[in-house]
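> got a structure for you, letters missing:
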């Protein structure tokens, strides 16, 4: 029991630190959101109108009070779920903007993450089971090779081949110009078509880490004494691999998976900007380039909290899955 | 939005269905079609603003976040057309300066809001007084000059704090909104106007999605007979990226404003009959010299430098031939050539003549030493740096050519490439020898000249100046600017501008090199009558003007 209490305490302390840093860091960065907003409108061969700049500054307002006051107000607003008004999407609130982007990322990245984890772990286990055979080298070398390819290059290649040359799938976006977001079959089939290429690019690189991690862990566990004993007892090879090897080897991957699921919230900035996908990653990119502090802050906060919660859950699950962890901590 | 049941609805419905089908295959908008009333069925335009995940926002005063369709829904009293700066009566059909502090507009009778209510002088009065109450909406700074705005029957009387001539273009950039809607809005600074926005303009909202925004013709428009377009569709782009250029080259846009490398090959040659572009000149990109430092504080040195730069090479090599040679006058020619003194040769363009520059420099006391180095008045070789924003690749390439020109005259010039942000900062605080700056290019000549030259706009070295970053201090300039600010008649304005042009030509506070281009591409598959070099009746940005000139394509 003490283990769970300690982990909970640790979780709360980290959460507080994250929330506080999230408040401080954007305030340390120089830059004027009003100027950033207007420079998006004017090309570099146009001078910015000072009257316009003054009006936008008045519109966005400046935080009042000293840092401590601002901090208390920030905490109070967080507790009430108020994240402020986005500068980029003024006068819409940050909550509005994020709740629209969230489903896209959750579905696209969530589904591909789970799929990558399952496929990757299975392939890794298989490679370890058939270690030092042709299957093993094919899987290991193949994934190492794919892993060295730059991600944006894979993305652009997919666009070039499937969207532009073959014209099978749209080249970007979450859905076509003709369909309105809503619970209609037309919209879903359209959104699905648009998600094929980004999902494919994630699936090419996604499983690699899981494959290599799983294979190496399992090769190690299969060399342990208990595995050797099981072999001496004459247990079937398949049973040794699954219950003696894989079950233990999968533990580090579970932690990894929990963290990966947590960071879905931050989106996958690269994939979303290549495919112009309307999710959290592209929102983050936009928030940073426009100095949209309220939006940026909230996105970072969500990501941090997501990772923390996932980590916490993984810790808990670990305690359940692996009795040794509990015992060590208890002493 | 309700629409009378008629064939229009049927046609529009079919068009939407067609668009849905087309949207699935990813090819959209090629082929021509004439729709109801013998008009163009629809036109495909580019981006509509609002960032990557736009939200409906048709508040015409929220410049940074409003969507482009707003520009087709709201109108101003006059339009000062952006190419030749001619005044076109719009929601007002005439105006008169009652005295230098009082401007009276006659409101055009018979104009209706798109919800059927009549547009009156009261709407104008309400609009301006709303901006007074909410300075965050006064994006042009009209109330810095205004004293009061009052409706008087069919007239609106603007009274100014001082002679208000220089505020004319500012007043006419304020979009007029309906009193019967906006007076009920609690806080217009957070009003998105998202539900059926009411304006006087030629188009009204039909549908919005973050990917596509559709506007439809306003049948109640006061010059509806001139609008030959049933629908304008704006399409979300990937912010000028590769995919957009590809779509442009396939002719998927009827009008766009993208930067495209090698436009002739990638766009025009794909369909020379229908694909066209017009890159009209905008504000001049000039060489700014720090006038507080030697040798730039010497007028004879600066005058010699005007002949030292190979404009044509910069235009051809570094600017892809998209831009034109900037006039030393500070005005944008040929659009504003009416404001130039008649005696000025070649509209103030100064040609490349290194021999003459060399001779003038020597005569002014800047001799070359035995090793060919140009010496300053202090006898030491002239050596300075040229700061150019490192990520503006075309500017960097241009500065290389300009630096070569200076080096061939024996000066030791070093190129520095800071970030755009820090170049801007250095320019504002006067921490540079030579750098690039942009000024002017608007139809308000007072702004064009006072921003870069008024001594009231400058600041001591080390302090941030919001204008006059070259640190030009000249009593004659200030006097002429004072005259221009209050000059009501065009003749008096011209007189003051002539004086300022004379200062630009003779005293050389800065050296304009090329005019920034306004990107504008259009196809004539569906519509004809776009403004272009041969028929420059409006600038690319005067959407309300050119929309009334478009007609269905004949072939």
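Nice, thanks for sending it over. Quick caveat: nothing in here was measured; it's all calculated off a predicted structure.
> CA atoms for contacts and neighbours, from now on please.
Fine.
> host element of residue B:461?
Residue B:461 is located outside every helix and strand, with elements delineated by DSSP states H and E.
> same deal with residue B:515?
strand B:510-518.
> which residues does that strand contact?
A:45-46, B:257, B:279-289, B:306, B:311, B:315, B:322-328, B:330, B:332, B:470, B:504, B:540 (C-alpha atoms under 8 Å, 6 or more residues apart in numbering or on different chains).
> what's downstream of it, the next helix or strand?
Strand B:510-518 is succeeded, C-terminally, by strand B:521-523 (DSSP H and E).
> list the contacts of that following strand.
So strand B:521-523 is contacted by B:251, B:253-258, B:274-278, B:530 (C-alpha under 8 Å, 6+ apart).
> residue A:216: what's it in contact with?
So residue A:216 contacts residue A:128 (C-alpha under 8 Å, 6+ apart).
> then the one 3 residues further on?
Listed by C-alpha under 8 Å, 6+ apart, the contact set of residue A:219 reads A:128-129, A:131, A:245.
> show the buried residues in these.
Neighbour-count burial (16 or more other C-alpha atoms under 10 Å in any protein chain shown) applied to these gives A:128-129, A:131, A:245.
> report the two of those separated the most.
A:131 and A:245 (12.8 Å; C-alpha to C-alpha).
> need the residues of the stretch 1-150 of chain A near chain B, please.
A:37-38, A:41, A:45-47, A:49-59, A:88-91 (C-alpha under 8 Å from any C-alpha of the partner chain).
> quick check: buried residues in the helix or strand hosting residue B:482?
In this structure, residue B:482 is located in helix B:475-486 according to DSSP H and E. Within helix B:475-486, the residues that count as buried by 16+ other C-alpha under 10 Å are B:477-478, B:480-481, B:483-486.
> and the next helix or strand past it?
helix B:490-507.
> who touches that next one?
Contacts for helix B:490-507 (C-alpha under 8 Å, 6+ apart): B:299, B:302-303, B:328-330, B:339-341, B:348, B:445, B:449, B:477, B:480-481, B:483-484, B:487, B:509-510.
> now that helix against helix B:475-486, angle please.
160 degrees (axes from the mean of the first three to the mean of the last three C-alpha atoms, to 10 degrees).
> got a pLDDT number for residue 181?
Went with chain A since none was named. Here, the pLDDT recorded for residue A:181 equals 66.
> wait, I meant chain B there
For residue B:181, the model assigns a pLDDT of 96.
> show me what the helix or strand containing it is packed against.
Using DSSP H and E, residue B:181 maps to helix B:179-182. Helix B:179-182 is packed against helix B:121-133, with contacts defined by 3 or more C-alpha pairs under 8 Å, 6 or more residues apart in numbering or on different chains; DSSP states H and E.
> just for the stretch 201-331 of chain A, where's the confidence low?
A:265-267, A:323, A:325-331 (pLDDT under 70).
> quick one, phi psi at residue B:205?
phi -70, psi 140 (degrees, to the nearest 10).
> tell me the pLDDT of it.
Residue B:205 is given a pLDDT of 95.
> and residue 158, how many residues sit next to it?
Went with chain A since none was named. 19 (other C-alpha atoms under 10 Å in any protein chain shown).
> that was the other one, I meant chain B.
22.
> can I assume it sits in a helix?
No - applying DSSP: H, G, I helix; E, B strand; the rest coil, one finds residue B:158 to be strand, outside a helix.
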